[in-house]
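Q: Predicted model follows, preceded by the sequence.
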Amino acid sequence: PLSASSSSAARCCLQLIKMASMLSATRAFGSRIFATTSARAMSTSPNPSFGELRFDDKQMKATLEGATYDAVKQAVKSGTAVPPEHANKVADAIQKWATSKGCLNYSHIFYPMRGMKSGQKKDAFIDLDYGDSKPIRDIVWNFNGSKLYMAETDGSSFPNGGLRKTHTAAAYMAADRSSPPYIEGDTLFIPSALVSWNGHALDHKTGLLRSQEAVSSEGTRLMHHMGFNEVTAVHSNVGCEQELFMIPRELVVERPDMIQAGRTVLGALPPRGQQLSDHYFSKVNLRVNAYFVELQQALWEKGISNIVYHNEVAPSQHELSPIFTLANVAADQNILLAELCQDLALKHGFVALLHEKPFLGINGSGKHCNWGLNADWKNMNLYAPGKTVETQRAFAAFSAAVLYAFHKYPEALRASVATAGNDHRLGADEAPPAIFSVSLGTQLGKHFEAIAAGGPLEGYSGGRYGDHEIDTRSRALGPIGGSLEDRNRTAPIPFCGNRFEFRAVGSAQNISLPMTVLNTAVAEGCSAISDLVESGKSVQEAVQIVVKTNMTVMFNGDGYSEEWHKEAEFERNLPNLKDTAAAWGVFNSPKNKDLFAKHAVFSSEEVEAVRNVNLQRYSDDVELEAGVMLDMVSQGVLPAAAEDLRGYENTQLGGERGVVYAELAAAAAELKTARDAWPDADELALANYASQTVKPLMEKTRVAHDKAEKLINKELYPYPTYYEMLFPHQDDA
């Protein structure tokens with residue numbers, strides 16, 4: 001094993017090896033650039049291979065006969081099974097397509113309640129020839145409709161909140177027929193839901209699909225009341241902005257906290273952090289850019305429309321963003337995107353960190369979810385006001401439903417983004433506060449104040465661009481047509497001209513749960529307006545009532561300010577659920593259970609299960625991080641501190657080292673006592689113990705450590721520092 005004093009030299013050796021391998025990779029990479037550029041120049045498509053590895057509607061039309069294609073579309077529309085004779089033809093077509101591209105296996109990929117970790121079991125496209133009468137039957141290609149649309153597994157081994165036990169473990173993967181299968185490596189992946197033998201949701205996808213049914217049903221009902229009788233469905237869609245850090249792998253593997261917890265639980269910030277504001281939108285360094293070029297190609301091949309990548313605010317932080325799509329498809333694609341990010345990062349000598357707060361003292365990572373609703377008639381965007389009276393009235397009604405959702409169900413929405421990782425980010429002057437409000441913008445806010453006072457629903461026509469002329473005072477530039485509203489980055493969910501941006505979602509979260517709660521709460525907002533209309537109110541009166549009774553959740557100012565926090569909590573009575581334990585603790589309220597039951601999204605048992613899973617995960621995360629912190633301090637930092645202190649014996653140069661190192665040892669001992677006393681209790685009690693007892697002691701230990709790190713001889717300090725992880729690789733060629 002490497003000694004503390006030799007670890008720095010070892011890192012230098014690793015760096016030399018890495019530089020040699022990167023030089024070779026760069027030569028090959030250069031040839032790929034020219035080959036790709038040449039190919040694109042000869043094509044009218046933005047990328048000839050876009051969607052090449054996805055079995056989408058275009059592929060279905062190309063490979064299925066008309067009757068089978070129609071049968072599949074009708075089954076999806078009606079929610080019935082695909083008739084067996086057509087299901088087998090679909091399976092045959094997709095198996096031939098997949099094997100022609102090198103696939104040997106298929107997998108019903110599903111999404112258990114464990115963050116962004118998917119579930120996969122690979123089955124080969126072969127089976128016994130059951131028509132063969134020989135004692136040892138032949139092996140043949142075999143993939144039929146029953147294999148395509150469902151599979152079985154053990155549901156008790158996944159987080160389930162008590163819905164499954166070892167003696168009642170059956171669970172089933174059911175293919176999501178609205179989310180296209182895709183190829184990765186030698187495997188065809190079939191996006192699927194996971195449900196128990198009793199029909200309970202054991203995953204993220206099932207609730208999301210149910211919530212999409214709810215918002216479609218209630219959205220269509222409201223559109224009919226507004227005169228849009230041609231509408232037959234309302235679709236929930238979302239585009240995710242995925243933030244992440246790219247850190248050299250050879251440094252990450254030397255940090256037990258990053259390997260086990262996904263973040264640093266110890267670490268002092270160097271003099272340079274993000275205060276120079278020189279990383280945001282700066283040129284992407286060569287090593288990382290080579291990675292993103294390959295990543296974007298891989299995403300496009302699988303039909304993920306990544307349209308943006310850039311440097312973020314913190315050093316070594318980046319973001320990539322696909323174009324919006326159906327919410328369930330966006331959720332599936334975000335998991336695939338994260339997996340590709342991590343796989344290709346290893347190939348390029350990096351680790352892609354998705355944790356919300358990998359480094360203390362600089363910005364963490366979020367996953368801003370740009371959410372909206374579209375009606376199927378003329379693909380009408382319900383959050384684009386448009387220029388007609390009719391579209392502006394619809395826009396006002398559906399925006400009122402958002403106000404209703406965040407005013408009536410803030411606790412459920414807050415819980416949907418509550419994790420141990422996101423607790424480090426929310427309210428930290430880099431992300432929205434834990435108090436949930438809706439920012440409509442100055443002009444739209446005034447319009448809604450007028451609606452509440454009895455004014456017309458129509459009259460606001462602001463869009464994303466072109467409604468606010470900015471005088472640049474330069475003939476070379478000319479005037480700029482900006483948005484009618486300014487951008488409010490402090491709001492949990494601001495209006496952004498043609499959509500609402502749910503900014504509170506964490507970077508390491510599966511977006512399905514936040515979108516499930518948002519869809520369901522907005523569906524209830526639509527229902528409230530429709531109920532008023534059906535009771536005899538006009539649409540104008542119904543929307544006015546809903547706006548007037550929910551205006552307290554609208555706030556267009558600085559969500560970071562202390563004044564707003566006081567006003568929100570003590571004057572407007574908006575809940576301030578400051579951490580995960582508090583937020584999930586009230587998720588199972590009668591109000592929330594009634595909401596999910598009414599719209600057939602979650603039963604009472606499922607609400608309890610989702611709550612318990614998330615509370616358990618929170619306490620597990622905190623306990624794990626406390627254990628890693630103690631190991632690093634006791635096994636690495638304190639021995640290095642002792643050796644450092646010996647170097648100052650018989651001198652007057654040690655300064656405060658003895659006192660500082662003793663403070664660290666004492667803080668770690670106190671934390672160890674608390675961790676060793678971890679109670680045997682229910683999920684809420686465990687989460688509260690983690691939040692109220694263990695986390696403060698972890699923070700105390702970290703403060704003591706970070707002070708000590710600044711004093712320990714850098715040749716003795718046993719772990720890569722913040723400086724080493726965040727900066728030197730940015731100058732790699």
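A: Sure thing, it's come through.

Q: drop to CA atoms for contacts and neighbour counts, all remaining ones
A: Will do.

Q: List of residues touching stretch 324-332?
A: 178-180, 191, 205, 208-209, 212, 235-240, 370, 510-512, 515 (Cα atoms under 8 Å, 6 or more residues apart in numbering).

Q: now what about stretch 458-476, what contacts it?
A: 384-387, 389-390, 392-393, 396, 444, 447, 478-485, 496-498.

Q: of those, buried ones?
A: Those of the contacts of stretch 458-476 that meet the buried threshold are 384-386, 389, 392-393, 396, 444, 447, 482-485, 496-498, by 16 or more other Cα atoms under 10 Å.

Q: out of the residues you listed, who's nearest Ser282?
A: The closest of the buried ones among the contacts of stretch 458-476 to Ser282 turns out to be Gly482 (Cα to Cα; 23.0 Å).

Q: Distance of that closest one relative to Asn105?
A: Distance, Gly482 to Asn105, using Cα to Cα, to the nearest Å: 50 Å.

Q: before we move on, what about Phe55?
A: 15 Å.

Q: the more surrounded of the two?
A: Phe55 (23 against 20; other Cα atoms under 10 Å).

Q: Pull the contacting residues for the more buried one.
A: 94, 180-182.

Q: Please name the nearest non-neighbouring residue to Val660.
A: Ala708 (6.0 Å; Cα to Cα, 6 or more residues apart in numbering).

Q: Give the helix, strand or coil label for the one you found.
A: Assigned by DSSP: H, G, I helix; E, B strand; the rest coil, the conformation of Ala708 is helix.

Q: and the nearest residue to Val253 once chain neighbours are set aside, which of the three is it?
A: Using Cα to Cα, 6+ apart and skipping residues adjacent in sequence, the residue nearest Val253 is Ile259, 6.4 Å away. Per three-state DSSP, the secondary structure class of Ile259 is helix.

Q: In terms of pLDDT, where does Ile259 sit?
A: Listed pLDDT for Ile259 reads 98.

Q: Could you double-check that it sits in contact with Arg249?
A: No - applying Cα atoms under 8 Å, one finds Ile259 not in contact with Arg249, separated by 10.2 Å.

Q: quick revisit: could you check how far the residue nearest to Val253 is from Ser365?
A: Taken as Cα to Cα, the span from Ile259 to Ser365 is 18 Å.

Q: who has more neighbours, those two?
A: Ser365 (32 against 14).

Q: The residue lying closest to that one once chain neighbours are set aside - how many residues pack around it?
A: Nearest residue to Ser365 in three dimensions, chain neighbours excluded: Glu356, at 4.6 Å (Cα to Cα, 6+ apart). For Glu356, the tally of surrounding residues (other Cα under 10 Å) stands at 29.

Q: show me the contacts for Glu356.
A: Contacts of Glu356 (Cα under 8 Å, 6+ apart): 364-366, 421-422, 424-425, 506-508.

Q: Repeat that for Leu457.
A: Leu457 touches 392-393, 396-397, 451, 540, 543, counting by Cα under 8 Å, 6+ apart.

Q: Strands - which of these land there?
A: Among the contacts of Leu457, DSSP state E puts none in strands.

Q: Out of those, the closest to Phe602 would be?
A: Ala397 (25.9 Å).

Q: Nearest to Asp129, out of the contacts of Glu356: which one, please.
A: Closest to Asp129 out of those is Ala508 (44.5 Å), distances taken as Cα to Cα.

Q: right, and the closest one touches Gly115 too?
A: Yes - with contact defined as Cα under 8 Å, Ala508 and Gly115 form a contacting pair (6.7 Å).

Q: More neighbours: these two, which one.
A: Ranked by neighbour count (other Cα under 10 Å), Ala508 and Gly115 place Ala508 first, with 26 against 18.

Q: And that one, which helix or strand is it part of?
A: Using DSSP states H and E, no element contains Ala508; it sits outside every helix and strand.

Q: any idea how far Glu339 is from it?
A: Distance, Ala508 to Glu339, by Cα to Cα: 12 Å.

Q: do the same with Ser305
A: From Ser305 across to Glu339, the span is 16 Å (Cα to Cα).

Q: I'd like the mean pLDDT over the longest strand belonging to the chain, please.
A: The strand that spans the most residues within the chain, counting by DSSP E, is strand 234-248. The pLDDT scores in strand 234-248 average 98.

Q: Just the C-alpha atoms of it, please, in CSV.
A: Extracted as CSV, the C-alpha positions of strand 234-248 are listed here (Å, rounded to 0.1, in the frame of the first residue of the first chain):
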residue,chain,number,x,y,z
VAL,A,234,-53.4,16.7,-23.3
HIS,A,235,-49.7,15.7,-23.2
SER,A,236,-47.3,16.4,-20.4
ASN,A,237,-43.8,17.1,-21.7
VAL,A,238,-40.5,18.1,-20.2
GLY,A,239,-36.9,18.9,-21.1
CYS,A,240,-34.2,18.3,-18.5
GLU,A,241,-31.1,20.3,-18.0
GLN,A,242,-28.6,17.8,-16.6
GLU,A,243,-25.7,19.3,-14.6
LEU,A,244,-22.6,17.3,-13.6
PHE,A,245,-19.0,17.5,-12.7
MET,A,246,-16.2,15.9,-14.7
ILE,A,247,-13.3,14.8,-12.4
PRO,A,248,-10.2,12.8,-13.4
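
Q: Could you list the paired strands of that strand along with their orientation?
A: If you go by DSSP bridges, strand 234-248 pairs up with strand 317-322 (antiparallel), strand 325-326 (antiparallel), strand 350-353 (antiparallel), strand 367-375 (antiparallel).

Q: following the second one, which helix or strand shows up next?
A: Using DSSP H and E, the helix or strand that directly follows strand 325-326 along the chain is helix 327-347.
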